[in-house]
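K.L.:
heads up, no residue letters with this:
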Ligand SMILES: Cc1cc2nc3c(=O)[nH]c(=O)nc-3n(C[C@H](O)[C@H](O)[C@H](O)COP(=O)(O)O)c2cc1C
């Protein structure tokens, strides 16, 4: 069975709510296993088991939040050594921007090299029904694409 790994980091809880909503959306697809892990608990072995990975994190100081950067730093060379090529999607929480985190993540992930499965989504401000909807839809669309073998 294909599996979607959702890796997130959250300082205040906002990114955690986005990850949770994405998980709920992905759960709507029957033929996909969905795992949610905090970035500091996740590693290469988890990527190895996954068919696709959704990264959920905040932009901090114009860049990826440090814990997600640490996850990517820890898995970069081991993933290359295993020849892992996983489709990925990005869900970014931000105050008023988010583009720095997006660009940095895209640049790093292109080096694995992981292909993008969806247009990155930046959600600004506090968690709200629109964020719930967007996160849920992304999770479901990614899971459906994996299930159908599109990615
Ligand atoms: C130290 C710090 C730096 C931040 N830097 C940015 C930034 O550069 N651009 C931005 O849009 N938001 C920035 N924010 C706002 C966060 O991205 C936003 O509050 C986000 O929802 C936090 O999600 P989290 O609490 O789940 O980690 C920053 C927040 C903190 C705490």
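P.N.:
Yep, it's here. The model shown is predicted, which means the values in this text are computed figures rather than measured ones. Numbers count the residues shown, from 1 in each chain.

K.L.:
hey, where'd the helices end up in the protein?
P.N.:
Taking DSSP state H, the helices of the chain run over residues 14-26, 44-49, 66-82, 99-110, 129-148.

K.L.:
For these, could you give me a markdown table that also reports mean pLDDT and distance to the ligand?
P.N.:
The way it works is simple: take the backbone N, C-alpha and C, and place the C-beta from them, glycine included. A markdown table is the format used below for the helices of the chain (pLDDT from 0 to 100; distance: least, CB to the nearest ligand atom, whole Å):
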| stretch | mean pLDDT | distance to the ligand |
| --- | --- | --- |
| helix 14-26 | 98 | 3 |
| helix 44-49 | 98 | 20 |
| helix 66-82 | 98 | 9 |
| helix 99-110 | 98 | 6 |
| helix 129-148 | 98 | 10 |
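
K.L.:
Any chance of a markdown table for those helices, columns mean neighbour count?
P.N.:
Conversion of those to a markdown table gives the following (neighbours: other CB atoms under 10 Å):
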| stretch | mean neighbour count |
| --- | --- |
| helix 14-26 | 23 |
| helix 44-49 | 16 |
| helix 66-82 | 17 |
| helix 99-110 | 16 |
| helix 129-148 | 20 |
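
K.L.:
spatially speaking, which residue is in the middle of the chain?
P.N.:
By CA atoms, centre = their mean, the chain has its centre lying nearest to residue 55, at 1.6 Å.

K.L.:
and that residue, bridged to which residues?
P.N.:
Residue 55 has these beta-bridge partners by DSSP bridges: residue 7, residue 90.

K.L.:
and it, what is it in contact with?
P.N.:
The contact partners of residue 55, by CB atoms under 8 Å, 6 or more residues apart in numbering, come to 7-8, 68, 88-91, 105.
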